[in-house]
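Engineer: need a structure here:
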Amino acid sequence: MTNTVTTDILGHQYIGGARSAQGTASFRSVAAASGETHPVAFHEASDAEVDAAAAAAAAAYPAYRQLLPEQRAAFLETIAEELDALGDDFIGEVMRETGLPAARLQGERTRTSNQMRLFARVLRRGDFLGARIDTALPERQPPRPDVRQCKIGIGPVAIFGASNFPLAFSVAGGDTAAALAAGCPVVVKAHAGHLITSERVADAVQRAVRRCAMPAGVFNMIYGGNVGARLVQAPQIKAVGFTGSLRGGRALCDLAAARAEPIPVFAEMSSVNPIILLPQALQGRGEAIANDLAASVTMGAGQLCTNPGLLLGVRSASLSHFIECLQKALAAQPAQTMLNAGMLSNYYGGVERLGTLGGVAALVAGGADQARARPHLFKAEQSLLFAAGAPLEEEVFGAATVVVELDSRDALLQYAREMGGQLTATLMAEPADLRAHRDLIECLEQKAGRLLVNGTPTGVEVCEAMVHGGPYPATSDARGTSVGTLAIDRFLRPVCYQNYPDELLPPALQGANPLGLLRLVNGEQRRGAV
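Structural biologist: Reported below is the predicted structural model:
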């Protein structure tokens with residue numbers, strides 16, 4: 001592993017290529033395991049600094065969006081290089097702030113830099129531009145004008161760093177990569193749970209900005225727990241990317257909708273990721289499924305958006321055996337340090353809420369250890385699936401899951417029709433199960449962004465076909481994804497050019513096709529000149 005460039009931690013905002021610390025309020029980085037604070041004070045951004053960051057992004061937008069895809073691709077690859085150069089000392093600091101193990105963080109750093117490289121390939125491929133050309137038909141009555149369309153970046157984007165992925169969903173994470181690829185400068189709100197991590201990553205991005213001679217305001221970052229509302233309401237901001245709680249996401253959506261110019265908020269918020277246990281699979285491999293799910297529920301102390309929080313099956317001897325195996329497997333799992341004290345408190349509050357619901361029994365409880373998170377397993381009565389307020393669909397962020405024995409296949413199908421939107425829905429099934437439950441699969445297609453068969457949802461592959469999204473409340477907009485190359489579409493909008501001179505057209509639409517794109521020309525895919 002290489003050594004990182006040594007950087008002093010300032011705790012100041014990043015605005016237009018400079019550092020600023022006008023705010024009087026301050027706070028410190030806290031070690032997840034020990035609670036010890038770092039000596040450097042981080043300054044909350046003042047109102048003026050929030051406004052300045054948004055203005056800097058807006059000032060950078062005209063020049064940045066006009067860069068050729070190759071130039072933006074080289075910039076993303078340079079960011080990736082700088083992220084890879086963050087060495088052992090950096091990983092150690094992230095471990096201190098988050099309590100996550102080194103191997104997990106090393107893998108997440110690689111995922112973060114590879115996301116940048118993946119979007120660089122998207123830029124060079126050019127299909128994100130969606131170039132369409134309908135050439136003029138002057139002889140037709142009425143004549144058809146020359147009409148051409150491509151996509152451009154929507155404008156400056158506000159990005160909220162997530163707590164549970166300090167690298168891959170944070171300062172230089174997937175939202176930032178997608179926005180920068182689309183031609184959109186960013187203003188990142190750093191998460192309070194990993195302040196030093198955020199500063200070190202921001203420094204890496206800033207080095208890439210300088211190496212590639214990018215406009216200074218292409219990347220900005222602010223600190224503070226009370227700056228989000230003003231950032232979302234800044235008139236220069238044209239879209240928002242968020243990963244976090246349902247309450248936080250809804251608040252941002254409401255703020256964005258109330259603006260004089262409403263803007264889209266792409267918020268990934270809440271999901272219990274149901275696992276549906278079908279009979280043939282349970283009969284043949286119930287114990288193995290239980291062991292796999294125990295590992296999935298406790299992965300990363302359960303602090304994953306795709307953590308399986310609801311297990312469903314029709315009552316049978318095989319399901320009873322599965323529950324016994326799962327109970328044994330979860331009881332054997334050790335306690336784990338969570339990301340911060342607030343996360344731990346919320347986790348125990350969530351399991352306490354579940355435990356006090358009528359019709360819920362605790363099969364695996366956490367014991368007396370309140371310093372770390374212990375896994376929990378609950379068994380709930382079927383009626384709670386259909387109760388007012390959907391109490392079993394309220395996400396408990398941590399290593400807890402609820403199993404429900406249903407009376408019949410019809411009850412399972414009814415719940416699939418009525419449940420709220422999810423990031424994922426998983427079928428544990430044999431081929432005969434799948435053939436017998438096609439109506440169930442059709443329901444799940446309407447309810448989740450990713451459908452799995454015989455896997456656990458906690459692994460999210462960063463690739464072209466991935467969807468990390470889903471109907472509300474999983475996300476605020478089911479038409480997009482926050483993982484995978486389709487994520488770029490959230491920050492693009494189509495523009496049509498009618499009867500424009502060729503030299504004034506974007507390169508993607510010029511007759512000579514200087515970018516070498518595969519374009520839709522008069523209804524047919526073509527790569528040549530027009």
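
Engineer: who does residue 521 bridge with?
Structural biologist: residue 133, residue 524 (DSSP bridges).

Engineer: any regions of the protein where pLDDT drops low?
Structural biologist: Along the chain, the model assigns pLDDT under 70 to residues 1-7, 367-370.

Engineer: in this protein, which spans are helices?
Structural biologist: Secondary structure of the chain (DSSP state H): helices located at 47-65, 69-84, 88-98, 102-125, 174-182, 195-211, 228-233, 246-257, 279-298, 317-331, 341-355, 409-418, 431-436, 438-445.

Engineer: and the closest residue to residue 309 other than its chain neighbours, how many neighbours?
Structural biologist: Counting by CB to CB, 6 or more residues apart in numbering, residue 309 lies nearest to residue 272, which is 3.7 Å off, once chain neighbours are set aside. In short, each C-beta sits where N, CA and C put it, glycine included. Residues near residue 272, counting by other CB atoms under 10 Å, number 24.

Engineer: I'd guessed residue 272 sits against residue 311; true?
Structural biologist: No. The pair residue 272 / residue 311 is not scored as a contact, 9.9 Å apart, by CB atoms under 8 Å.

Engineer: re the thing from before, the helices of the chain into CSV, with extra columns for distance to residue 468 and mean neighbour count?
Structural biologist: As requested, the helices of the chain are exported to CSV (distance: least, CB to CB, whole Å; neighbours: other CB atoms under 10 Å):
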stretch, distance to residue 468, mean neighbour count
helix 47-65, 25, 21
helix 69-84, 19, 21
helix 88-98, 21, 20
helix 102-125, 12, 20
helix 174-182, 8, 30
helix 195-211, 21, 22
helix 228-233, 22, 20
helix 246-257, 14, 17
helix 279-298, 16, 20
helix 317-331, 26, 18
helix 341-355, 21, 17
helix 409-418, 21, 17
helix 431-436, 24, 14
helix 438-445, 16, 15
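
Engineer: looking at these, which is nearest to residue 143?
Structural biologist: helix 47-65 (32.5 Å; CB to CB).

Engineer: how close does the nearest residue to residue 54 once chain neighbours are set aside sit to residue 173?
Structural biologist: Using CB to CB, 6+ apart and skipping the chain neighbours, the partner closest in space to residue 54 is residue 234 (3.7 Å). As judged by CB to CB, to the nearest Å, residue 234 and residue 173 stand 21 Å apart.

Engineer: repeat that for residue 474.
Structural biologist: According to CB to CB, residue 474 and residue 173 sit 18 Å apart.

Engineer: ok, residue 242 next?
Structural biologist: Distance, residue 242 to residue 173, by CB to CB: 12 Å.

Engineer: okay, and the common contacts of these two?
Structural biologist: Residues touching both residue 242 and residue 173 (CB atoms under 8 Å, 6 or more residues apart in numbering): residue 159.

Engineer: residue 117 contacts residue 77, doesn't it?
Structural biologist: Yes. The pair residue 117 and residue 77 qualifies as a contact (CB under 8 Å) at a distance of 6.0 Å.

Engineer: just to revisit the earlier point, ok, now which ones touch the residue nearest to residue 54?
Structural biologist: 50, 51, 54, 158.

Engineer: go again with 10 Å.
Structural biologist: Applying CB atoms under 10 Å, 6 or more residues apart in numbering, one finds that residue 234 lies in contact with 50, 51, 52, 53, 54, 55, 57, 58, 156, 158, 187, 259.

Engineer: residue contacts, the fifth one?
Structural biologist: In other words, residue 54. With CB under 10 Å, 6+ apart as the criterion, the residues that contact residue 54 are 15, 156, 158, 185, 187, 217, 220, 222, 230-237.

Engineer: out of the residues you listed, who's nearest residue 35?
Structural biologist: Minimum distance to residue 35 across the contacts of residue 54 is 25.3 Å, recorded for residue 222 (CB to CB).

Engineer: could you count how many residues lie near the closest one?
Structural biologist: Counted with other CB under 10 Å, the neighbours of residue 222 add up to 28.

Engineer: what sits against the nearest residue to it once chain neighbours are set aside?
Structural biologist: In this structure, residue 222 finds its nearest non-sequential neighbour in residue 45, 4.0 Å apart by CB to CB, 6+ apart. Applying CB under 10 Å, 6+ apart, we find residue 45 in contact with 12-13, 15, 20-23, 25, 51-53, 187, 189-190, 221-224, 226-227, 230-231.

Engineer: if we can go back for a sec, list the residues that contact both of residue 272 and residue 311?
Structural biologist: Shared contacts of residue 272 and residue 311, counting by CB under 10 Å, 6+ apart, come down to 401, 402.

Engineer: and the gap between residue 444 and residue 410?
Structural biologist: To residue 410, residue 444 is 16 Å away according to CB to CB.

Engineer: and for residue 162?
Structural biologist: Distance from residue 162 to residue 410, by CB to CB: 39 Å.

Engineer: then residue 142?
Structural biologist: Applying CB to CB, one obtains 58 Å for the distance of residue 142 from residue 410.

Engineer: likewise for residue 507?
Structural biologist: For residue 507, the distance to residue 410 equals 58 Å [CB to CB].

Engineer: enumerate every residue touching the closest residue to residue 487 other than its chain neighbours.
Structural biologist: For residue 487, ignoring the flanking residues on the chain, the nearest one in space by CB to CB, 6+ apart is residue 178 at 4.1 Å. Counting by CB under 10 Å, 6+ apart, residue 178 makes contact with 115, 118-119, 122, 128, 157, 159, 184, 186, 241, 266, 480-492.

Engineer: quick check: residue 178 vs residue 77, distance?
Structural biologist: In this view, residue 178 and residue 77 are 15 Å apart by CB to CB.

Engineer: with residue 238 instead?
Structural biologist: The spacing between residue 238 and residue 77, counted by CB to CB, is 25 Å.

Engineer: next: residue 13.
Structural biologist: Between residue 13 and residue 77 the distance is 27 Å, computed by CB to CB.

Engineer: no further questions, thank you.
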